[in-house]
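Asks: this is a predicted model, with the sequence first.
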Amino acid sequence: KRGTTGGWIKTSGFYVYDVFIFTMLKSKTFVKKTRAGGVMKIVREHYLRDDIWCGSEACRECKQESTVLQAEACIESNLCPYPHYVVPDTNVVLHQIDVLEDPVIRNVIILQTVLQEVRHRSAPVYKRLKDMIQAKEKLVYTFTNEHHRETYIEREQGESANDRNDRAIRVAVKWYSQHLKADGLKVVLLTDDQGNKEKAEESIDEYVKNLTANPELVDRLALSKDDKAEIISSKVLFPEHLPLSKIQSGIKSGTFLQGTFKASRDNYLEATVFVQGEGEESTEVLIQGLQNLNRAVHQDVVAVQLLPRNQWVLPSSVVLQDDGAAKDDDVDGDEEEKAVISAAEAAGKPTGKIVGIIKRNWRPFCGMLNVSQIKESTRHLFTPADRRIPRIRIETRQASTLVGQRIMVAIDGWPKNSRYPNGHFVRSLGSAGEKGTEEAVLLLEHDVPHQAFSQNVLSFLPKMPWGITPEDMIKRQDLRHLTVCSVDPPGCTDIDDALHCRELENGNLEVGVHIADVSHFIRPGNALDKEAANRGTTVYLCGKRIDMVPELLSSNLCSLRSNVERLAFSCIWEMNHNAEILKTQFTKSVINSKASLTYAEAQMRIDDTNKKDDITESLRGLNKLAKILKRKRIENGALTLSSLEVRFHIDSETHDPIDLQTKELMETNSMVEEFMLLANISVAQKIYDEFPDCALLRKHPAPPPSNYDILLKAAKSKNVEIHTDSAKALADSLDVAKVDGFSYFNTLLRILATRCMMQAVYFCSGMDSDFHHYGLASPIYTHFTSPIRRYADIIVHRLLAVAIGADITYPDLMDKHKQSALCNNLNYRHKMSQYAQRASVAFHTQLFFKSRGILNEEGFVLFVRKNAIIVLIPKFGLEGTVFFDSKDKAGPSLVFDEEGPTLKVEQTTFHIFDKVKVTISLDDSNIQHQKIRMALTEPVIPGVSVAAPDVEPQAKKPKVDR
């Protein structure tokens, strides 16, 4: 039936009621069972319209107000020299998105059928496609073919949904060709599908290979099945992957287990599959050898079959990396033997083999090209920067240009006949070793969102000049009169927190923690909020900060700088002089910080007995209370662990590191920390009391007893007893752990204890029952004190604001499932941020040692391996490996005792915590994997240790920017 429907449309600032002509094709009716057990009848009507435009500026038929596609749509091509538009089908978008994103490809029509299929099949590609559509310079038009009267088609009897969609694409292309014929434009369907290829103008391969505007674009083509067949050998190297149907029935029957594949960094022939059990329980299944790894790649979701118990093995203690010459398609028998430890050695861990892949989690990988030795060959091996990823075989005609460059490559597939997966070149990142290039690599490899904030995001920032209005003061306390000050590291511009302490008339103390009111500026659900939620955290690299929120907020309007009025969220306690809380108040506020101090400046004020001003007295009061709070926490079983953090002194001209020191902590560091912890605990209790089902909290699980094995063995080797049955028992035994004449022993023990800990995580209170924070010995905890740099704190601010009636709620805030999904992203982003930070420190450490030649330093053995010792250099907070075996020459006699653990090298035995001397130098023979190389100087072992360098080279004295 034909009819009309209308709707209000905004044009040029006015609203008009527009009438559309539509044809209702037909309605579909079906019934659905409700949660309550009832039955609901659902009717879906599909409307078709006559007024959907083609989007071409050459068209004289459509009455369109604005167009996207150009009339002169010329792409320099030998195959299609005429003006034309391109229509990619679903497979081309899914597999060749790297090609479609290139600036050369313009005047593209994306059909609604393709958009919907991509959305269902790949969220990352769908996002890239949407970004491409929104980029005006790309000239991409979305055509709603499923609602156009002349391009909509019904599914025929016996036709699959996939075949129907292929036919819908062909029908839409045919309509476009007829529609634009009079205007002298052609429409080219780009496809990989065999059925479509026979009926289409061109295959994507042929089209791209004939583009003259950008010949290098050929390298970005994902391999087709024909290309893959050419590359692989006839010899089957890996077992066949089982089909998904067999995998699903196997998982259901318990024959197979489903889990996430985690490749080893240290041994390319070994991996672990993490199988999630009931609740928090998870099983680890060890996989060893290329055949058993069976083409799984790090982070894939796989199906694993357990081997019989008599074939269970232990993780290898050998450090083994695939650094050898590129092998042909042959699985080396020696390789298999290197990986596996005899099952007879000990009762092994559950061990298995990969039988199928459930979900590939491939992404573009950063790395470098290993150019083929065959002259004029176009096929080369790519070595990823991440050692957990296998080498990838790619085809490129620009190998000579790409040598020495960091490039990105995507995997297309991994046939059973190929030693390595096949892939294609995506783009170059720049010359290897350059600071900008290496920074880009570490951000990409750790999945850190670092692109500039979009105009859409920036549009939600407050307009400048900004000031506090009377409306802002509603439901807000005026605390501008208080002597508030902030204490932070030097150079800090994103100041989240400030403190005050004053004596009340009744003799008690009032202590306030004032936190930047970021949630006032970031409102739920807008583009700014979504961007912050996705980023999750600010990432701090050496000399660079990747902000979670735009700089206008992070370094200006939200930063609690001195002598400016700022909006805050305050947690204020009334305490007695024993730091016992008598009253707690939460309030939105306005403050005016009286001083922005560094830790050192605050410490000097406290220590200077001549200073009696309000700021100094406030700091002294805070410091006194903080010492009492810390003592009470430790008495309750809180752990004081240790990890060496380093600070670089940067040359202000070259921005290269010129000095490297471990950070010194002062009393004022601890002072700030104590009040942040107290505020976080107070807020956690408040939001949980108000919202028991949807409070965002943070917990720190107790480590399983096996985690402490290395700590217990290390302590036992020095005749020290450590108790690990509770956090308090551990804390108490660490406090009394001492060895005469070895002052650094306790610090080393605490560093080792830190390695035994589990990761603290965010969670939603309605989805968990264990809230305990093991490290802090607190029954409940959250993050409230850093909303400029952590998105979790923004959610906590919103919950607290609703709890005290200072703001309104919204549906997602009260949805425990959405809160839980958000927590998963925040945990992932937080973990990747830590890894990126460590990678940045490692890179700057390499830069530091590059100009130092060979240094000789004292260190301590931290771990003992089968063929190496891992040494910690306290002076630089640096860890490195001293290897005792060599590929080039016969190595010394090595005897490894796992019980100790000890390693006997010739006649010298190494234990954990042994003092050694090593040379430190930068090994840049492999430009991609430059590493700090350590060699033993003391104890002297003939044929193993090296001579100490005569004189340590002195670096020039440059200008310093600390």
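Replies: Done, it's in.
Asks: how about low-confidence regions in the protein?
Replies: Across the chain, the ranges flagged by pLDDT under 70 are 1-28, 193-202, 213, 223-234, 278-281, 317-347, 642-664, 887-889, 950-962.
Asks: and the longest helix for it?
Replies: The helix that spans the most residues within the chain, counting by DSSP state H, is helix 816-850.
Asks: state the distance from residue 71 to residue 190.
Replies: As judged by CB to CB, to the nearest Å, residue 71 and residue 190 stand 21 Å apart. Every residue, glycine included, has its C-beta placed from N, CA and C.
Asks: neighbour count for those two, which is higher?
Replies: Neighbours per residue (other CB atoms under 10 Å) separate residue 71 from residue 190, with residue 190 holding more: 26 against 14.
Asks: which elements pack onto the host helix or strand of that one?
Replies: Taking DSSP states H and E as the criterion, residue 190 maps to strand 186-191. With contacts defined as 3 or more CB pairs under 8 Å, 6 or more residues apart in numbering; DSSP states H and E, strand 186-191 has these neighbours: strand 84-88, helix 90-95, helix 161-179, strand 202-203, helix 204-209.
Asks: off-centre distance for the longest one?
Replies: In this case it means helix 161-179. 40 Å (CA atoms, centre = their mean, to the nearest Å).
Asks: for that helix, packing partners?
Replies: In terms of contacts (3+ CB pairs under 8 Å, 6+ apart), helix 161-179 is packed against strand 84-88, strand 108-111, helix 112-121, strand 186-191, helix 194-199.
Asks: try it again with 6 Å
Replies: If you count contacts as 3 or more CB pairs under 6 Å, 6 or more residues apart in numbering; DSSP states H and E, helix 161-179 packs onto helix 112-121, strand 186-191.
Asks: so it versus helix 112-121, what angle?
Replies: Angle, helix 161-179 to helix 112-121, by axes from the mean of the first three to the mean of the last three CA atoms, to 10 degrees: 150 degrees.
Asks: how about helix 161-179: buried residues?
Replies: 165-173, 175-177, 179 (16 or more other CB atoms under 10 Å).
Asks: in three-state terms, label the spatially closest residue to residue 691 that is not a sequence neighbour for me.
Replies: In this structure, residue 691 finds its nearest non-sequential neighbour in residue 799, 5.9 Å apart by CB to CB, 6 or more residues apart in numbering. What DSSP: H, G, I helix; E, B strand; the rest coil gives for residue 799 is helix.
Asks: next: the one 10 residues further on.
Replies: Reducing the assignment to helix, strand or coil with three-state DSSP, the entry for residue 809 is coil.
Asks: give the contact list for it.
Replies: Contacts for residue 809 (CB atoms under 6 Å, 6 or more residues apart in numbering) come out as residue 802.
Asks: ramachandran coordinates for the spatially closest residue to residue 920 that is not a sequence neighbour?
Replies: Distance criterion CB to CB, 6+ apart; nearest residue to residue 920, sequence neighbours excluded, is residue 855 at 4.7 Å. Torsion angles at residue 855 (phi, psi; degrees, to the nearest 10) stand at phi -110, psi 150.
Asks: these two touch, right, residue 855 and residue 922?
Replies: No: using CB atoms under 6 Å, residue 855 makes no contact with residue 922, being 10.3 Å away.
Asks: returning to that earlier point: tell me which strands the strand holding residue 190 pairs with, and in which orientation.
Replies: strand 84-88 (parallel), strand 202-203 (parallel) (DSSP bridges).
Asks: can you say which of those strands is packed in most?
Replies: strand 84-88 (a mean of 24; mean count of other CB atoms under 10 Å).
Asks: show me what that one is in contact with.
Replies: By CB under 6 Å, 6+ apart, strand 84-88 touches 69, 73, 107-109, 173, 186-190.
Asks: same check on stretch 712-723?
Replies: By CB under 6 Å, 6+ apart, the surrounding residues in contact with stretch 712-723 are 729, 733, 737, 739, 752, 911-912.
Asks: and those, which is closest to residue 550?
Replies: Distance to residue 550 across these (CB to CB) is lowest for residue 752, with 41.1 Å.
Asks: tally of neighbours for residue 426?
Replies: 20.
Asks: tell me the contacts of it?
Replies: Listed by CB under 6 Å, 6+ apart, the contact set of residue 426 reads 98, 364, 408, 410.
Asks: and the gap between it and residue 447?
Replies: 15 Å.
Asks: for the residue lying closest to residue 599 once chain neighbours are set aside, what is the enclosing helix or strand?
Replies: With sequence-adjacent residues excluded and distances taken as CB to CB, 6+ apart, residue 599 is closest to residue 668, at 4.5 Å. For residue 668, the element it lies in under DSSP H and E is helix 667-690.
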